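1. got a sequence here, can you model it:
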Amino acid sequence: MRFPSPSRGWGALPVSPGPGAASLATLDSPPGRALRGVASGSPLVTNLFGRVLRALAVIIVPLALVGCGVNDIPTKQETAKARWADVQADYQRRADLIPNLVATVQGYAQQERTVLVEVTSARARATSVNINADQLNDPAAFQRFQQAQDQLSASLGRLLAVSEAYPDLKSNQNFLALQSQLEGTENRIAIARRDYNEAVRDYNTTLRVFPTSLWAGTFYRSAKPMQLFTASEGAQTAPTVRFDLGPSSATPPAAAPGSPPPAPNAATP
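-> Numbering: from 1, shown residues only. This next block holds a predicted model:
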(Lines give C-alpha, C1' and ligand atoms only; values in the text may rest on other atoms or scores of the structure.)
Protein backbone atom coordinates (compact mmCIF):
# COMPACT_ATOMS: atom_id res chain seq x y z
CA MET A 1 0.00 0.00 0.00
CA ARG A 2 1.37 3.42 -0.99
CA PHE A 3 1.01 6.49 1.17
CA PRO A 4 -0.43 9.49 -0.64
CA SER A 5 1.70 12.50 -1.25
CA PRO A 6 0.61 15.88 0.05
CA SER A 7 -0.06 17.05 -3.47
CA ARG A 8 -2.47 14.28 -4.35
CA GLY A 9 -4.49 14.28 -1.11
CA TRP A 10 -6.47 11.56 0.47
CA GLY A 11 -9.11 11.44 -2.25
CA ALA A 12 -6.73 9.74 -4.64
CA LEU A 13 -6.08 6.85 -2.28
CA PRO A 14 -6.81 3.66 -4.24
CA VAL A 15 -9.16 1.33 -2.36
CA SER A 16 -9.52 -2.27 -3.37
CA PRO A 17 -13.03 -3.76 -3.10
CA GLY A 18 -13.41 -5.99 -0.08
CA PRO A 19 -16.09 -8.21 1.45
CA GLY A 20 -17.99 -5.24 2.80
CA ALA A 21 -18.33 -3.67 -0.62
CA ALA A 22 -19.61 -6.92 -2.05
CA SER A 23 -22.24 -7.10 0.69
CA LEU A 24 -23.44 -3.61 -0.01
CA ALA A 25 -23.69 -4.36 -3.70
CA THR A 26 -25.70 -7.46 -2.93
CA LEU A 27 -28.19 -5.52 -0.83
CA ASP A 28 -28.63 -3.02 -3.67
CA SER A 29 -29.69 -5.83 -6.04
CA PRO A 30 -33.39 -6.87 -6.42
CA PRO A 31 -32.97 -9.98 -4.20
CA GLY A 32 -31.36 -7.81 -1.60
CA ARG A 33 -34.23 -5.36 -1.66
CA ALA A 34 -36.64 -8.31 -1.27
CA LEU A 35 -34.71 -9.45 1.80
CA ARG A 36 -34.92 -5.97 3.25
CA GLY A 37 -38.69 -6.06 2.61
CA VAL A 38 -38.99 -9.34 4.50
CA ALA A 39 -37.06 -7.91 7.40
CA SER A 40 -39.13 -4.74 7.49
CA GLY A 41 -42.59 -6.53 7.35
CA SER A 42 -43.82 -6.10 3.78
CA PRO A 43 -47.45 -6.87 2.75
CA LEU A 44 -46.27 -10.14 1.21
CA VAL A 45 -44.96 -11.40 4.53
CA THR A 46 -48.06 -10.20 6.35
CA ASN A 47 -50.36 -12.09 3.98
CA LEU A 48 -48.25 -15.23 4.21
CA PHE A 49 -48.24 -15.08 8.00
CA GLY A 50 -52.03 -14.58 8.07
CA ARG A 51 -52.59 -17.62 5.86
CA VAL A 52 -50.45 -19.76 8.13
CA LEU A 53 -52.43 -18.62 11.17
CA ARG A 54 -55.75 -19.36 9.49
CA ALA A 55 -54.58 -22.83 8.47
CA LEU A 56 -53.48 -23.55 12.01
CA ALA A 57 -56.80 -22.27 13.37
CA VAL A 58 -58.74 -24.56 11.01
CA ILE A 59 -56.79 -27.55 12.32
CA ILE A 60 -56.34 -26.69 16.00
CA VAL A 61 -59.74 -25.19 16.88
CA PRO A 62 -61.84 -28.28 15.96
CA LEU A 63 -59.40 -30.53 17.79
CA ALA A 64 -59.62 -28.30 20.85
CA LEU A 65 -63.42 -28.32 20.77
CA VAL A 66 -63.53 -32.11 20.46
CA GLY A 67 -61.11 -32.39 23.35
CA CYS A 68 -63.40 -30.18 25.45
CA GLY A 69 -66.41 -32.47 24.86
CA VAL A 70 -68.48 -30.42 22.41
CA ASN A 71 -69.71 -33.66 20.80
CA ASP A 72 -70.46 -35.49 24.05
CA ILE A 73 -73.97 -34.08 24.51
CA PRO A 74 -75.48 -35.14 21.14
CA THR A 75 -73.64 -38.45 21.25
CA LYS A 76 -74.98 -39.42 24.66
CA GLN A 77 -78.42 -38.07 23.82
CA GLU A 78 -78.66 -40.38 20.82
CA THR A 79 -77.44 -43.29 22.95
CA ALA A 80 -80.23 -42.68 25.48
CA LYS A 81 -82.80 -42.53 22.67
CA ALA A 82 -81.54 -45.85 21.31
CA ARG A 83 -81.91 -47.44 24.76
CA TRP A 84 -85.45 -46.06 24.92
CA ALA A 85 -86.24 -47.75 21.61
CA ASP A 86 -85.12 -51.05 23.17
CA VAL A 87 -87.54 -50.51 26.06
CA GLN A 88 -90.41 -49.85 23.68
CA ALA A 89 -89.58 -52.96 21.65
CA ASP A 90 -89.78 -55.17 24.73
CA TYR A 91 -93.05 -53.56 25.84
CA GLN A 92 -94.49 -54.19 22.38
CA ARG A 93 -93.37 -57.81 22.54
CA ARG A 94 -95.27 -58.26 25.79
CA ALA A 95 -98.38 -56.61 24.38
CA ASP A 96 -98.30 -58.98 21.40
CA LEU A 97 -98.16 -62.05 23.66
CA ILE A 98 -101.03 -61.05 25.94
CA PRO A 99 -103.95 -61.81 23.55
CA ASN A 100 -102.71 -65.37 23.06
CA LEU A 101 -102.33 -65.83 26.81
CA VAL A 102 -105.81 -64.47 27.51
CA ALA A 103 -107.33 -66.75 24.88
CA THR A 104 -105.58 -69.79 26.35
CA VAL A 105 -106.63 -69.03 29.91
CA GLN A 106 -110.17 -68.20 28.85
CA GLY A 107 -110.68 -71.73 27.56
CA TYR A 108 -110.09 -73.11 31.05
CA ALA A 109 -110.88 -70.38 33.55
CA GLN A 110 -114.42 -69.68 32.52
CA GLN A 111 -115.31 -68.07 35.83
CA GLU A 112 -112.25 -65.75 36.01
CA ARG A 113 -113.74 -63.24 33.66
CA THR A 114 -112.96 -60.36 35.99
CA VAL A 115 -109.24 -61.03 35.77
CA LEU A 116 -109.37 -61.55 32.02
CA VAL A 117 -111.27 -58.31 31.46
CA GLU A 118 -108.85 -56.48 33.72
CA VAL A 119 -105.84 -57.73 31.76
CA THR A 120 -107.45 -56.84 28.45
CA SER A 121 -108.33 -53.34 29.65
CA ALA A 122 -104.85 -52.81 31.10
CA ARG A 123 -103.27 -53.86 27.81
CA ALA A 124 -105.49 -51.40 25.93
CA ARG A 125 -104.46 -48.58 28.25
CA ALA A 126 -100.78 -49.49 28.05
CA THR A 127 -100.76 -49.53 24.25
CA SER A 128 -102.73 -46.27 24.01
CA VAL A 129 -100.31 -44.29 26.18
CA ASN A 130 -97.38 -43.64 23.88
CA ILE A 131 -94.30 -41.51 24.40
CA ASN A 132 -91.66 -40.74 21.81
CA ALA A 133 -88.01 -39.87 22.26
CA ASP A 134 -88.72 -36.13 22.16
CA GLN A 135 -90.96 -36.43 25.24
CA LEU A 136 -88.41 -38.12 27.48
CA ASN A 137 -87.78 -34.80 29.23
CA ASP A 138 -91.50 -34.35 30.02
CA PRO A 139 -92.11 -35.66 33.58
CA ALA A 140 -95.92 -35.79 33.25
CA ALA A 141 -95.95 -37.77 29.99
CA PHE A 142 -93.27 -40.14 31.23
CA GLN A 143 -95.19 -40.73 34.48
CA ARG A 144 -98.39 -41.59 32.59
CA PHE A 145 -96.52 -44.08 30.44
CA GLN A 146 -94.86 -45.76 33.41
CA GLN A 147 -98.12 -46.01 35.37
CA ALA A 148 -99.90 -47.66 32.45
CA GLN A 149 -97.14 -50.23 32.07
CA ASP A 150 -97.04 -50.92 35.83
CA GLN A 151 -100.79 -51.52 35.88
CA LEU A 152 -100.42 -54.04 33.07
CA SER A 153 -97.64 -55.83 34.94
CA ALA A 154 -99.84 -56.12 38.04
CA SER A 155 -102.76 -57.48 36.01
CA LEU A 156 -100.52 -60.06 34.37
CA GLY A 157 -99.36 -61.24 37.77
CA ARG A 158 -102.94 -61.87 38.84
CA LEU A 159 -103.70 -63.66 35.58
CA LEU A 160 -100.76 -66.03 35.95
CA ALA A 161 -101.84 -66.75 39.53
CA VAL A 162 -105.14 -68.08 38.18
CA SER A 163 -103.34 -71.19 36.96
CA GLU A 164 -102.94 -72.39 40.55
CA ALA A 165 -106.67 -73.08 40.73
CA TYR A 166 -106.81 -74.97 37.42
CA PRO A 167 -104.72 -78.16 37.25
CA ASP A 168 -105.56 -78.69 33.58
CA LEU A 169 -104.37 -75.19 32.77
CA LYS A 170 -101.13 -75.71 34.66
CA SER A 171 -100.31 -78.71 32.49
CA ASN A 172 -101.38 -77.15 29.18
CA GLN A 173 -98.41 -76.80 26.84
CA ASN A 174 -99.68 -73.62 25.22
CA PHE A 175 -100.09 -71.95 28.57
CA LEU A 176 -96.65 -73.08 29.75
CA ALA A 177 -95.04 -71.79 26.57
CA LEU A 178 -96.78 -68.41 26.83
CA GLN A 179 -95.96 -68.18 30.51
CA SER A 180 -92.29 -68.82 29.76
CA GLN A 181 -92.32 -66.20 27.01
CA LEU A 182 -93.90 -63.62 29.30
CA GLU A 183 -91.43 -64.32 32.08
CA GLY A 184 -88.56 -63.91 29.64
CA THR A 185 -90.11 -60.71 28.33
CA GLU A 186 -90.39 -59.29 31.85
CA ASN A 187 -86.69 -59.99 32.38
CA ARG A 188 -85.85 -58.32 29.08
CA ILE A 189 -87.94 -55.31 30.05
CA ALA A 190 -86.08 -55.04 33.36
CA ILE A 191 -82.71 -55.17 31.60
CA ALA A 192 -83.79 -52.65 28.94
CA ARG A 193 -85.03 -50.25 31.61
CA ARG A 194 -81.78 -50.59 33.51
CA ASP A 195 -79.71 -49.88 30.38
CA TYR A 196 -81.92 -46.89 29.59
CA ASN A 197 -81.52 -45.49 33.11
CA GLU A 198 -77.74 -45.83 32.85
CA ALA A 199 -77.65 -44.04 29.48
CA VAL A 200 -79.90 -41.25 30.80
CA ARG A 201 -77.79 -40.89 33.94
CA ASP A 202 -74.67 -40.47 31.82
CA TYR A 203 -76.42 -37.95 29.55
CA ASN A 204 -77.91 -35.93 32.43
CA THR A 205 -74.51 -35.82 34.14
CA THR A 206 -72.91 -34.50 30.96
CA LEU A 207 -75.34 -31.57 30.94
CA ARG A 208 -74.21 -30.53 34.43
CA VAL A 209 -70.44 -31.12 34.62
CA PHE A 210 -67.70 -28.81 33.35
CA PRO A 211 -66.72 -28.20 30.53
CA THR A 212 -69.67 -29.83 28.73
CA SER A 213 -72.05 -27.64 30.72
CA LEU A 214 -70.68 -24.70 28.72
CA TRP A 215 -71.82 -26.30 25.49
CA ALA A 216 -75.19 -27.14 27.04
CA GLY A 217 -75.71 -23.45 27.76
CA THR A 218 -74.51 -22.25 24.34
CA PHE A 219 -74.66 -24.70 21.43
CA TYR A 220 -77.23 -27.15 22.87
CA ARG A 221 -79.72 -25.02 24.75
CA SER A 222 -82.59 -27.27 23.66
CA ALA A 223 -81.01 -30.29 25.36
CA LYS A 224 -82.92 -31.00 28.59
CA PRO A 225 -82.47 -33.75 31.21
CA MET A 226 -84.37 -36.96 30.48
CA GLN A 227 -86.62 -38.85 32.89
CA LEU A 228 -85.61 -42.05 34.67
CA PHE A 229 -87.66 -45.13 35.40
CA THR A 230 -88.50 -45.36 39.09
CA ALA A 231 -89.90 -48.09 41.28
CA SER A 232 -93.63 -48.63 41.03
CA GLU A 233 -95.91 -47.65 43.86
CA GLY A 234 -95.75 -50.12 46.74
CA ALA A 235 -92.51 -51.72 45.55
CA GLN A 236 -90.76 -50.73 48.79
CA THR A 237 -93.28 -52.69 50.88
CA ALA A 238 -92.10 -56.15 51.80
CA PRO A 239 -94.47 -58.94 50.76
CA THR A 240 -96.42 -60.74 53.47
CA VAL A 241 -95.42 -64.37 53.92
CA ARG A 242 -97.99 -66.74 55.41
CA PHE A 243 -97.75 -70.43 56.11
CA ASP A 244 -101.25 -71.93 56.10
CA LEU A 245 -100.41 -75.59 56.52
CA GLY A 246 -103.94 -76.72 57.20
CA PRO A 247 -107.51 -75.54 56.99
CA SER A 248 -108.60 -73.32 59.81
CA SER A 249 -111.52 -74.36 61.96
CA ALA A 250 -112.95 -70.87 61.80
CA THR A 251 -112.66 -70.45 58.04
CA PRO A 252 -114.17 -73.09 55.77
CA PRO A 253 -112.10 -74.24 52.81
CA ALA A 254 -112.65 -72.34 49.60
CA ALA A 255 -114.70 -74.02 46.94
CA ALA A 256 -112.97 -75.07 43.76
CA PRO A 257 -113.64 -72.86 40.72
CA GLY A 258 -116.65 -74.10 38.78
CA SER A 259 -118.21 -76.05 41.65
CA PRO A 260 -121.82 -75.39 42.66
CA PRO A 261 -122.44 -73.14 45.65
CA PRO A 262 -122.61 -74.91 49.02
CA ALA A 263 -126.04 -75.85 50.35
CA PRO A 264 -127.38 -73.63 53.11
CA ASN A 265 -127.11 -74.94 56.63
CA ALA A 266 -130.24 -76.46 58.11
CA ALA A 267 -131.92 -74.31 60.65
CA THR A 268 -131.54 -75.57 64.15
CA PRO A 269 -134.68 -75.77 66.27
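
2. measure the nearest residue to residue 138 once chain neighbours are set aside to residue 108 for me?
-> Spatial nearest neighbour of residue 138, chain neighbours left out: residue 227 (7.4 Å); criterion: CB to CB, 6 or more residues apart in numbering. Yep, even glycine has a C-beta here, placed from its N, CA and C like the rest. For residue 227, the distance to residue 108 equals 40 Å [CB to CB, to the nearest Å].

3. neighbour-wise, which of the two wins?
-> Higher neighbour count among residue 227 and residue 108: residue 227, with 22 against 19, using other CB atoms under 10 Å.

4. may I have the residues that are in contact with the more buried one?
-> 136, 137, 138, 139, 142, 143, 200 (CB atoms under 8 Å, 6 or more residues apart in numbering).

5. which pair in those spans the largest distance?
-> Greatest spacing in those, by CB to CB: 143 and 200 (14.9 Å).

6. pLDDT weak spots in the stretch 101-250 of the chain?
-> Within the stretch 101-250 of the chain, the stretches with pLDDT under 70 are 234-250.

7. the same query, at a cut-off of 50, please.
-> 245, 247-250 (pLDDT under 50).

8. what ranges do the helices span in it?
-> 113-128, 139-161, 167-170, 173-208, 212-218 (DSSP state H, counting those that start in this stretch).

9. of all those, which lies closest to residue 100?
-> The nearest among the helices of the stretch 101-250 of the chain, by CB to CB, is helix 173-208 at 5.8 Å.

10. and that closest one, what does it pack against?
-> For helix 173-208, the elements it packs on are helix 72-106, helix 139-161, helix 212-218, judged by 3 or more CB pairs under 8 Å, 6 or more residues apart in numbering; DSSP states H and E.

11. buried sites along it?
-> By neighbour count on 16 or more other CB atoms under 10 Å, the buried set for helix 173-208 is 175, 178-179, 181-182, 185, 188-189, 192-193, 195-197, 199-200, 203-204, 206-207.

12. what's the angle between that helix and helix 139-161?
-> Put simply, helix 173-208 runs at 160 degrees to helix 139-161, going by axes from the mean of the first three to the mean of the last three CA atoms, to 10 degrees.

13. brilliant, that's me finished.
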